[in-house]
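> sequence and predicted structure are below.
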Amino acid sequence: MNENLKKGLTNDDFLRFKKKDRIVFEMIFKMYSKDIYNFLLLKTHYNYDIAEDLLNDTFLAAYEGAPKLSSNKNIQSWLLKIAYRKFLAHTRKLSRDEKYMKVIQQDVMNHKEICDEI
C-alpha cells in the first residue's frame, strides 16, 4: 500500500486536492471509499446498488467542493457528512415518489369508479 495512504495527506497533497488534482483525489478515494461505502450500506439496509450510486455522488460532490475545504484534518468526517446528506436526499426523493404514486393510484381508482358507473 502506498505510504501516503497509511499516514494521510501531506499539506502539499491537501493543497493539490483543493485545486482538484486528480492524482490526489484518487488517493483520497482509495483512503476513504471503503469506509464511506460501508456507512452507506448500513444506511441503505445493504442495498448495494443504491450504496454504490450514493458513493459515486458523494465523491463527485467532494471533488466539486474540494476548493472550499479548509483543513486536511477532517476529510473523513467531511466525506461522511456529504454521504449522509446524499443519503437523506435519496430518502426524501423516495418519499416524494411514494406520495406521487399514491396520488396516481387514487386517481386511477377514482377514474375506474367513474367508468364503472357509466
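Received, thanks. Numbers count the residues shown, from 1 in each chain.

> for the rest of this, base every contact and every neighbour count on C-alpha atoms.
Fine.

> show me the contacts for residue 83.
Taking CA atoms under 8 Å, 6 or more residues apart in numbering as the contact definition, residue 83 lies against 36, 40, 54-55, 57-58.

> just the ones of those in helices?
36, 40, 54-55, 57-58 (DSSP state H).

> number of nearby residues for residue 9?
19 (other CA atoms under 10 Å).

> quick one, what contacts the closest residue to it other than its chain neighbours?
Counting by CA to CA, 6 or more residues apart in numbering, residue 72 is the residue found nearest to residue 9 once chain neighbours are left out, at 7.0 Å. Counting by CA under 8 Å, 6+ apart, residue 72 makes contact with 9, 11, 14.

> and these as JSON lines, adding secondary structure, distance to residue 76 and pLDDT?
Shown next, in JSON lines, are the contacts of residue 72 (DSSP: H, G, I helix; E, B strand; the rest coil; distance: CA to CA, whole Å; pLDDT from 0 to 100):
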{"residue": "9", "secondary structure": "coil", "distance to residue 76": "11", "pLDDT": "83"}
{"residue": "11", "secondary structure": "helix", "distance to residue 76": "16", "pLDDT": "90"}
{"residue": "14", "secondary structure": "helix", "distance to residue 76": "13", "pLDDT": "92"}
